[in-house]
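Visitor: I'll drop the sequence and a predicted model, then ask my questions.
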Amino acid sequence: MFKRIDIGRCRTLLAAAVVFSMVLGVTVSASATIQGITGTTFNLVARTGNISTSDGDSFLMWGYGLATAASMQYPGPTLILQQGQTITVTLRNELPAAAGNVSIVFPGQIVTASGGVQGLLTREAPPDLTTTVTYTFVASEPGTYLYHSGTRPDLQVEMGLVGAIIVRPSLGASYAYNHANTQFDREFLYLLTEMDPRIHRSVALGMYNQVDTSNYYATNWFINGRNFPDVMLDNNIPWLPNQPYNCQPRMHPGETVLVRLIGAGRDPHPMHLHGADFAAIAVDGRTLESAPGQGADLQWEANTIRVLPGQTVDVTWTWTGQGLGWDIYGHVAGDPLEPGEDPTDHAKPFPVIIPPRDVLTFGQFYSGSPFLGGAGELPSGHPGLNAFGGFFYMWHSHTEKELTSNDIWPGGLVSFMIVEPPGVPIP
């Protein structure tokens, strides 16, 4: 059972729920699954479009979009495949003529390409609106993969021609790979990119000869095409039409979360996951195993991982409250265990006396109670962004400049894992 809540504070809790759902939209409707498209045949088009950054700026982008959609998206559609399927991707180029040819390469896949014209790395689609290139491969190995332009990638990947591929194993969709020790309850995608606005402004003005990618200086950083705090908004919100994917991890205590990290830009990003150590189970779509069939028996644990350009890393993360030294639910002797609760600290009292409300500084995600699922009186003006009394753990880059957007805090590579109380619905 949860710690008892004073009925006189229900108004504060209700207000928090309303504000939280209106402002962030994560507690009520945001999906705790990876958004993408499934199938074996995908028709993509390279187009121009604009994206918004969390500091209020807007930039021209190039991106892959579905042929049936009205515009591009950043990043491109996440392709969710099944192991063993034969996959066909067709690409058409609707970029301005000055942008030149465009293509797709699929690291980790053995690809046959046809149509278009031959480029340095693969077949390319010229900007004539009608010529297409077809790429075919068998999704033979499960895992997390990247796809991106293979035509002048220093410019075209920077401009947004990048996306993710997830290959589900034959063992089932709740496994990362074909071994029992890769099973998970929820999964989340962290596709990491960065931006040098000078390049995008030059392209927007048609000054292609002014673009110098050797003098690169990023001032914007993205998770799944959004900066913080926009990453916490719902998927497919109408005011970010070309940035459909969020990044809002949520879980219940005791569940195993799979985090799929992709270095989709040109800089390394040291991602730090507060709350507990993760276990790295795979790199570049291959499990860290001592021999075939052993599963991730060579997995290693840490709280920070440096995601390199072009690299994919799969990590698992779980949280029970173990080791905190007090009962996170405020149980007393005789209370039953909650689902997923670690019994080590069951019924142990909170170790300190909390000062009165008016001598504290409250973070926007504090519910007014230190207990999971609890609530308390909040000071006047507090936004109340924790409707259900969850625990918020900041997941972010450990490179400080990457926590901004154009030098404006907050922004960049930041999101929060929300550990929700048992019984709180997570779609």
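Guide: Right, received. Where do you want to start? Please read these numbers as outputs of a predicted model, since none were measured by experiment. Numbers count the residues shown, from 1 in each chain.

Visitor: all contacts plus neighbour counts: C-alpha atoms, from now on.
Guide: Will do.

Visitor: For the stretch 51-200 of the chain, which segments are assigned as strands?
Guide: According to DSSP state E, counting those that start in this stretch, the stretch 51-200 of the chain carries its strands in the segments 58-66, 79-82, 86-93, 111-115, 117-118, 123-124, 132-138, 143-148, 162-168, 186-195.

Visitor: same deal with the stretch 251-400 of the chain?
Guide: So, for the stretch 251-400 of the chain - with DSSP E, counting those that start in this stretch - the strands run 256-263, 269-273, 278-283, 286-287, 300-302, 304-307, 312-318, 391-397.

Visitor: can I get the ones you listed in TSV with mean pLDDT?
Guide: Shown next, in TSV, are those (pLDDT from 0 to 100):
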stretch	mean pLDDT
strand 256-263	98
strand 269-273	98
strand 278-283	98
strand 286-287	97
strand 300-302	97
strand 304-307	98
strand 312-318	98
strand 391-397	97
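
Visitor: right, and these - which one's nearest residue 227?
Guide: strand 391-397 (11.3 Å; C-alpha to C-alpha).

Visitor: angle of the closest one against strand 269-273?
Guide: Angle, strand 391-397 to strand 269-273, by axes from the mean of the first three to the mean of the last three C-alpha atoms, to 10 degrees: 170 degrees.

Visitor: Strand partners (parallel or antiparallel) of strand 391-397?
Guide: strand 269-273 (antiparallel), strand 414-419 (antiparallel) (DSSP bridges).

Visitor: what's the most buried one of these?
Guide: Each of the strands paired with strand 391-397 was scored by mean neighbour count; the highest is strand 414-419, a mean of 23, by mean count of other C-alpha atoms under 10 Å.

Visitor: Residues touching that strand, excluding its own?
Guide: 223, 227-229, 231-232, 247-253, 319, 390-397, 403 (C-alpha atoms under 8 Å, 6 or more residues apart in numbering).

Visitor: Same check on stretch 298-312?
Guide: By C-alpha under 8 Å, 6+ apart, stretch 298-312 touches 144-146, 260-274, 276-285, 288-290, 313.

Visitor: Would you mind listing which of the contacts of strand 414-419 are buried?
Guide: Burial by neighbour count, 16 or more other C-alpha atoms under 10 Å: within the contacts of strand 414-419 this picks out 223, 227-229, 231-232, 247-253, 319, 390-393, 395-397, 403.

Visitor: And stretch 141-149, what's buried?
Guide: Applying 16+ other C-alpha under 10 Å to stretch 141-149 flags 141-149 as buried.

Visitor: Specify which member of these is nearest to residue 188.
Guide: Closest approach between those and residue 188, by C-alpha to C-alpha: residue 144, at 11.3 Å.

Visitor: The closest residue to the closest one other than its chain neighbours: what's it in contact with?
Guide: Of all residues not flanking residue 144 in the chain, residue 166 sits nearest, at 4.9 Å (C-alpha to C-alpha, 6 or more residues apart in numbering). Taking C-alpha under 8 Å, 6+ apart as the contact definition, residue 166 lies against 78-81, 142-145.

Visitor: Mind putting those into a markdown table with distance to residue 133 and pLDDT?
Guide: Shown next, in a markdown table, are these (distance: C-alpha to C-alpha, whole Å; pLDDT from 0 to 100):
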| residue | distance to residue 133 | pLDDT |
| --- | --- | --- |
| 78 | 19 | 98 |
| 79 | 18 | 98 |
| 80 | 21 | 98 |
| 81 | 20 | 98 |
| 142 | 25 | 98 |
| 143 | 25 | 98 |
| 144 | 24 | 98 |
| 145 | 21 | 98 |
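
Visitor: Determine which two of the residues you listed are furthest apart.
Guide: Farthest apart among these by C-alpha to C-alpha are 78 and 142. That separation is 14.8 Å.

Visitor: hang on, the earlier thing: any chance of CSV for the strands of the stretch 51-200 of the chain, columns distance to residue 419?
Guide: Below are these laid out as CSV (distance: least, C-alpha to C-alpha, whole Å):
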stretch, distance to residue 419
strand 58-66, 33
strand 79-82, 26
strand 86-93, 37
strand 111-115, 41
strand 117-118, 50
strand 123-124, 45
strand 132-138, 37
strand 143-148, 24
strand 162-168, 25
strand 186-195, 12
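
Visitor: Name the residue closest to the centre of this protein, please.
Guide: What sits nearest the mean C-alpha location of the chain, by C-alpha atoms, centre = their mean, is residue 190, with 3.2 Å.

Visitor: Tell me who's in contact with residue 102.
Guide: Counting by C-alpha under 8 Å, 6+ apart, residue 102 has contacts 46, 93, 124-127, 149-151.

Visitor: try 6 Å this time
Guide: By C-alpha atoms under 6 Å, 6 or more residues apart in numbering, residue 102 lies in contact with 124-125, 151.
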